[in-house]
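Chemist: Make a model of this:
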Amino acid sequence: MAIISTRPSVALVKTRWRKKGPRTLAERAGVIGANLWKLSLEIFKHMEKEGFRFGSDRLVTGVLTEFIAFVAQLVDRAVYGRLSDAERTALIGEVAGHLAATMENNQRDLLVPGEYRKPFIDALNARFGEYAVFEYADGGPSYACLRFFATKVSDVMTGVGGSGDNKWVVEQMMDIEAPEMVLLVKKLVDQTVAAAPR
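Modeler: So this is what the prediction gives:
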């Protein structure tokens, strides 16, 4: 059965600066992190609009973690060759730190007070290791990579607290949501990293 869905409509937040001149990697990472967070939220909202069910705030943060891990590793792949290895490592570290702080603040608002930063960073590190084995061609992830991502999202959504109504998650992610994520990450990196000072 074919998935009938509209494409998500996601616009990047500010990626240009009023003042001319070079930007630090930390400044660029802040813009990238803010955009990855917005992109992940918009994809989540699109899935809700399409009828997917999220049973709890904890399940929502689990899905957002999978979205963020996917798009963050796309950024890492996209900056490869544009930055030195040291700059690339620093940029991705800053992006991860920005996203960890944002996730922690949101989890503290939604859930009980607790330690949220380390589990989030641990999840990102685990996913980066898992995504590293997949091929990327023509600037995009392979079918196997997309399938892995979609399965991870599906596992979260159908696991504890998930809904049995979510049987089309894998198809939705592969056919609708992931391609939009890939396009927007490419655009984001082109606008924020291409002119990074060397």
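Chemist: where does residue 140 fall, phi/psi-wise?
Modeler: phi -140, psi 160 (degrees, to the nearest 10).
Chemist: what sits against it?
Modeler: For residue 140, the contact set (Cβ atoms under 8 Å, 6 or more residues apart in numbering) comprises 182, 186. For the C-beta atoms, the positions are set from N, CA and C on the backbone; glycine is no exception.
Chemist: what sits up against stretch 181-192?
Modeler: 10, 12, 15-16, 28, 31-32, 35-36, 39, 43, 67, 70-71, 74-75, 78-79, 82, 139-141.
Chemist: so of the residues you listed, which ones are in strands?
Modeler: 140-141 (DSSP state E).
Chemist: Report the buried members of the contacts of stretch 181-192.
Modeler: Taking 16 or more other Cβ atoms under 10 Å as the criterion, what is buried in the contacts of stretch 181-192 is 10, 12, 15, 28, 31-32, 35-36, 39, 43, 67, 70-71, 74-75, 78-79, 82, 140-141.
Chemist: can you pull the buried residues of stretch 76-87?
Modeler: Buried, per 16+ other Cβ under 10 Å, within stretch 76-87: 76-79, 82-83, 87.
Chemist: ok, residues contacting the worst-scoring helix or strand of the chain on mean pLDDT?
Modeler: Every helix and strand of the chain was ranked by mean pLDDT, DSSP states H and E. The lowest is strand 136-137, at a mean of 83. With contacts defined as Cβ under 8 Å, 6+ apart, strand 136-137 is touched by 77, 142, 145.
Chemist: Helix or strand: which one has residue 179?
Modeler: Following DSSP states H and E, one finds residue 179 within helix 178-192.
Chemist: quick check: mean pLDDT across that helix?
Modeler: Averaging pLDDT along helix 178-192 gives 91.
Chemist: go on, stretch 119-128?
Modeler: Mean pLDDT, computed over stretch 119-128, is 92.
Chemist: Closest to residue 102 out of the buried residues of stretch 76-87?
Modeler: Nearest to residue 102 among these is residue 76, at 18.1 Å by Cβ to Cβ.
Chemist: which residues touch the closest residue to that closest one other than its chain neighbours?
Modeler: With sequence-adjacent residues excluded and distances taken as Cβ to Cβ, 6 or more residues apart in numbering, residue 76 is closest to residue 92, at 5.1 Å. When contacts are counted by Cβ under 8 Å, 6+ apart, residue 92 touches 72, 75-76, 79.
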